[in-house]
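Peer 1: The sequence and its predicted three-dimensional model are supplied below.
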Amino acid sequence: MVLARREVVRPGRRAALRASAARLGLLAVPIVFFAVFFAYPVAAIVGRGLGDGGVRQFSRIGEVLGRDDLQRVLWFTTWQALASTALTLLIALPGAYVFARLDFPGKRLLRAAVTVPFVLPTVVVGTAFLALLGRGGPLDELWGVRLDTTVWAILLAHVFFNYAVVVRTVGGLWAQLDPRQEEAARVLGAGRFAAWRRVTLPALTPAVAAAALMVFLFTFTSFGVVQILGGPSYATLEVEIYRQTAQLLDLRTAAVLTMVQFAAVGAVLAVHAWTLRRREGALRLVDPARTASRPRGTRQRVLLGGVLTTVVVLLLAPLAVLAERSLDTPTGYGFDYYRALGSLDDSGSAFLVPPIEAVWNSLQYALAATAIAVLIGGLAAAALTRRAGRLLRGFDALLMLPLGVSAVTVGFGFLITLDEPPLDLRTSWILVPLAQALVGVPFVVRIMLPVLRAVDGRLREAAAVLGASPLKVWREVDFPMVRRAVMVAAGFAFAVSLGEFGATVFIARPDQPTLPVAVARLIGRPGELNYGQAMALSTILMAVCATALLLLERTRVRNTSGEF
């Protein structure tokens, strides 16, 4: 009997050992990728900035942070991120409820529309608000009011950019909370607000906290929006790192600021990971299709109308003005600016090739970056499927770091590290997709991981006990269930890769600019033609991103526990 029992246990142990070995094998490629293309460039530029001398050089940190101008940058970076986060939550939480609990015509189309700003490059977001709030914009023409180069323009642009983070993160979870629990509280005598406060709000708190932390992360590291809308009066840490690196060549100051940003982002991501673990373990969720209903009563109809008005005014108006300005030429409305993209202006042109080539360059780079991001992110998500100890949870948090650590530092780090064999990539086209893939991988992991964790583990165990290899288990059990998640992850990776700007501005070759780099170059040059071409390129990029998001909505993955 004992021998027989041992014979039964041994295959299970062998399967567990094989699964652990396969897990480590899956993690090997993502670990090497992040070590070579993220940790190494960032560590190299920080080390070069601090210089030789060991621990004594850390005294430079106090010296740099003691400067009044940099203290103002740190203060502005922090308070504008807090203000942007609070304003985004205030405006977007009603939208989260509407998309979660109300069913209305055009809901899928509108959900895609509110996500478009998030995947747009920040330089295009800045350009859109420059068209809306700046010279010649509707406010300027109607009332002579210009808000560009003011903090209000920055805050509104951040709400525009991060609205979808709150709607998708909080709304995605809200849609899966069983409304019968709140109804039961009301039957027992609780009022509408009391039932919501005691039942729904505690369940939503981790999701709201996660959304707030993500918005704070994105606004704390804001670059393109502040660069275009802030003018010389306002600078975040990211903008200052770019100025110290690219314009002043002061690597010491840039290194210290990078370390400060890294520490702040690490703390934010640690809190974010904690809120995610709380959310995963504490809630019982239902199918979102069972929780949405047609608007009932005056309150819900007014709320729906208010949210639709907000979406139109705050999210769609900047995009519409951007498209309108791309058609508004000195000779009337037409496609002159679009036609001008196909030619090269010889009088001090900012390009070595016609600007329209940036479209083709961006598409090629984004496709390559998407393939890399799906490969690396897919392997990481597969390895992290089963909840594990602190080491793997730490690696899960590490995968999010590229979203918060200075892309400027990463881009400049590429230039000073990937210049010797066997990693002499400075003249290779693959350098840009590698930098873009760093931004795409976190989205692939965050989209695929909840779906993989939803697969019944007993199916994997049964297949392993029957002799299937880990690869066959993945092919026969996991992949059929996550195929749609892979498509959605690839779509998001493509969209965010298409719009990556902070690192690409350093490493894109002058004869092969990407769309965001081309827009920034045109905006930075005087002249009506350059401005109009920037609007035209931004509109093209907006159209590509909107098309990608509409396609994603057709394959949207359900039951992902509110993950963005």
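Peer 2: Thanks, I have the structure now.
Peer 1: my guess is residue 77 meets residue 230, correct?
Peer 2: No: judged on C-beta atoms under 8 Å, residue 77 makes no contact with residue 230 at a distance of 11.2 Å. Using the backbone N, CA and C atoms, a C-beta is placed for each residue, glycine as well.
Peer 1: And these two? Which one has more around it.
Peer 2: Between residue 77 and residue 230, counted using other C-beta atoms under 10 Å, residue 77 has the larger neighbour count: 26 against 23.
Peer 1: need the contact list for the more buried one.
Peer 2: Counting by C-beta atoms under 8 Å, 6 or more residues apart in numbering, residue 77 touches 220, 236-237.
Peer 1: can we see that at 10 Å?
Peer 2: 219-222, 226, 234-240, 257, 260-261, 264 (C-beta atoms under 10 Å, 6 or more residues apart in numbering).
Peer 1: After the helix or strand it falls within, which helix or strand is next?
Peer 2: Using DSSP states H and E, residue 77 sits within helix 68-101. Sequence order places helix 107-119 as the next helix or strand after helix 68-101, per DSSP H and E.
Peer 1: buried set for that following helix?
Peer 2: For helix 107-119, a neighbour-count test (16 or more other C-beta atoms under 10 Å) marks 110-119 as buried.
Peer 1: got the residues you listed as a markdown table, with distance to residue 331 and pLDDT columns?
Peer 2: Shown next, in a markdown table, are these (distance: C-beta to C-beta, whole Å; pLDDT from 0 to 100):
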| residue | distance to residue 331 | pLDDT |
| --- | --- | --- |
| 110 | 36 | 83 |
| 111 | 39 | 81 |
| 112 | 35 | 77 |
| 113 | 32 | 80 |
| 114 | 35 | 83 |
| 115 | 36 | 80 |
| 116 | 30 | 80 |
| 117 | 31 | 82 |
| 118 | 36 | 79 |
| 119 | 34 | 73 |
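Peer 1: what's the burial count for the closest residue to residue 107 other than its chain neighbours?
Peer 2: Among residues not flanking residue 107 along the chain, residue 99 sits closest, at 7.1 Å (C-beta to C-beta, 6 or more residues apart in numbering). The local packing of residue 99 (other C-beta under 10 Å) involves 23 other residues.
Peer 1: Can you check which residues contact both of residue 77 and residue 230?
Peer 2: Overlap of the contact sets of residue 77 and residue 230 (by C-beta under 10 Å, 6+ apart) consists of 222, 236, 239.
Peer 1: how about the last one, secondary structure?
Peer 2: Same thing as residue 239. Judged by DSSP: H, G, I helix; E, B strand; the rest coil, the three-state class of residue 239 is helix.
Peer 1: Just the pLDDT for it.
Peer 2: In this model, residue 239 is scored at 85, pLDDT.
Peer 1: residues near it, how many?
Peer 2: 21.
Peer 1: Just list the residues touching it, thanks.
Peer 2: Residue 239 is in contact with 73, 76-77, 222-227, 230, 408, counting by C-beta under 10 Å, 6+ apart.
Peer 1: ok, now with 8 Å
Peer 2: 222-223, 226-227, 230.
Peer 1: do the first one as well
Peer 2: Taking C-beta under 8 Å, 6+ apart, we find residue 222 in contact with 80-81, 122, 154, 158, 236, 238-239.
Peer 1: what would those look like in CSV with distance to residue 335?
Peer 2: Converted to CSV, the contacts of residue 222 look like this (distance: C-beta to C-beta, whole Å):
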residue, distance to residue 335
80, 38
81, 39
122, 27
154, 32
158, 32
236, 36
238, 35
239, 34
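Peer 1: which residues touch the one helix or strand residue 42 maps to?
Peer 2: Using DSSP H and E, residue 42 sits in helix 40-50. Contact partners of helix 40-50, identified using C-beta under 8 Å, 6+ apart, comprise 57-58, 60, 251-256, 258-259, 262, 405, 409-410, 412-414, 416-418.
Peer 1: of those, buried ones?
Peer 2: Neighbour counting with 16+ other C-beta under 10 Å marks 60, 251-256, 258-259, 262, 405, 409-410, 412-414, 417-418 as buried within those.
Peer 1: Show me those residues that map onto helices.
Peer 2: 60, 251-256, 258-259, 262, 409-410, 412-414, 417 (DSSP state H).
Peer 1: and residue 151, how many residues sit next to it?
Peer 2: Quick note: residue 151 (other C-beta under 10 Å) scores 18 neighbours.
Peer 1: Give me the phi and psi for it.
Peer 2: Phi and psi for residue 151, reported as degrees, to the nearest 10, are phi -70, psi -30.
Peer 1: going forward, begin numbering at 419 instead of 1
Peer 2: All set: I'll call the first residue 419, so the last point we hit is now residue 569.
Peer 1: Between which two of the ones in helices among the buried ones among the contacts of helix 458-468 is the distance greatest?
Peer 2: Spatially, the most separated pair among those is 478 and 832, at 23.9 Å (C-beta to C-beta).
Peer 1: so where's the stretch 819-968 of the chain uncertain?
Peer 2: 871-879, 888-889, 892, 896, 899 (pLDDT under 70).
Peer 1: all helices of it, in order?
Peer 2: 825-835, 849-872, 875-883, 888-891, 897-916, 922-925, 933-941, 946-972 (DSSP state H, counting those that start in this stretch).
Peer 1: Alright, calling it a day.
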